[in-house]
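Peer 1: Generate a structure from the sequence data that follows.
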Amino acid sequence: MSWTPSEIRQWLHAVKDPEVPVVSVVELGVVRDVLVSGEAVTVEITPTYTGCPAMKVMEQEILECLASHGVADASVRTVFRDAWTTDWMTDEAREKLRAYGIAPPQRVADAGLVTLRRNAAVVCPRCGSHDTQRQSEFGSTACKALYTCRECREPFDYFKAI
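Peer 2: Down below sits the predicted model:
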């Protein structure tokens, strides 16, 4: 059998982030490359941050996904040649986060990380208000912060821009 990298990337849309199960590892930007050599497939991934507990689960689920499509010689390689950034998330992933109740990260490339951390208004994913307040630097996971909307008074996670 022979597979193409784009075909394998399509399969990997079924592998979800275990901490945010509405977003795939492809949409999240964790999958960096798919290498095919004969019957062997290697998927290169970059962790969202060092020590992310979800990475081992993602690796296992990638291997299971490949096996379910008949790939017997599969491996996952972690690469650090570029640090992961939330800018690698697709627009679809950002919208899925918002619909799920998590404020998506703003693009670092558009404003710069220092500017985002100092001045960024986080928009409430429920009502769209800009009148929000950070309650804690850490939310349900280390990659999220906890906010409250002053308009609808609902708490929500913000996926931090990195």
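Peer 1: Once you drop chain neighbours, what's closest to F80?
Peer 2: Closest residue in space to F80, ignoring its immediate chain neighbours: T46 at 6.7 Å, by C-beta to C-beta, 6 or more residues apart in numbering. Every C-beta, even on glycine, is put in place using the N, C-alpha and C of the backbone.
Peer 1: Kindly tell me how buried the one you found is, as a neighbour count.
Peer 2: Per other C-beta atoms under 10 Å, the neighbour tally for T46 reads 19.
Peer 1: can I assume Q133 sits in a strand?
Peer 2: Yes. Q133: assigned to a strand according to DSSP: H, G, I helix; E, B strand; the rest coil.
Peer 1: so what's it bridging to?
Peer 2: T148 (DSSP bridges).
Peer 1: Could you check how far it is from Y147?
Peer 2: Using C-beta to C-beta, to the nearest Å, Q133 is found at 7 Å from Y147.
Peer 1: follow-up on the earlier one: run through the residues that contact the residue nearest to F80.
Peer 2: G29, V30, R32, T78, V79, F80, D82, A83, W84 (C-beta atoms under 8 Å, 6 or more residues apart in numbering).
Peer 1: and if we set it to 6 Å?
Peer 2: R32, V79, W84 (C-beta atoms under 6 Å, 6 or more residues apart in numbering).
Peer 1: Show me the shaky parts of this structure.
Peer 2: 110-120 (pLDDT under 70).
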